[in-house]
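[1] Okay, sequence plus prediction incoming.
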Amino acid sequence: MDELDRTIVRVAREDEHATDGTRMIAAIASARIGRPINRKRAQRVMREHRLLQPVRTEGRRKRPGSSRSPGPTSSGTST
């Protein structure tokens, strides 16, 4: 494991970044090390060390208004 990977793991294990995603971890780690770190690299390293948060598959809310019929137009009449 090289220095970039160690920095990613160190940042991801800190308490204040425990719930941050791969984009944020990559940004913080690259700021600390002084060179860019790819988000996919951060994702791979975090996956290997089991630092990724579980993905919600149930309980996601739909976008408001996505299942409703269109409302009245600005003139007050429906289409």
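    Looks like it arrived, so ask away.
[2] need the helices for this protein, in chain order.
    In the chain, the helices defined using DSSP state H lie at 3-13, 22-33, 39-48.
[3] Sketch out the low-pLDDT regions of this structure for me.
    When residues are selected by pLDDT under 70, those of the chain lie in 60, 65-73, 76-79.
[4] Nearest residue to the middle of it?
    Gly21 (3.8 Å; Cα atoms, centre = their mean).
[5] Tell me who's in contact with Thr22.
    Going by Cβ atoms under 8 Å, 6 or more residues apart in numbering, Thr22 touches Arg39, Lys40, Ala42, Gln43, Met46, Leu52. C-betas here are computed from N, CA, C, even on glycine.
[6] Could I have the buried ones of these as ChimeraX selection syntax?
    To isolate the buried ones among the contacts of Thr22 in ChimeraX, judged by 16 or more other Cβ atoms under 10 Å, type:
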select :39,42,43,46
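[7] any idea which of the contacts of Thr22 is closest to Val9?
    Met46 (7.8 Å; Cβ to Cβ).
[8] wait, doesn't that closest one sit right on Val11?
    No. With contact defined as Cβ atoms under 8 Å, Met46 does not reach Val11; the gap is 9.8 Å.
[9] Identify the contacts common to the two.
    Residues touching both Met46 and Val11 (Cβ under 8 Å, 6+ apart): Ile25.
[10] Distance check, Ile8 against Lys62.
    Between Ile8 and Lys62 the distance is 34 Å, computed by Cβ to Cβ, to the nearest Å.
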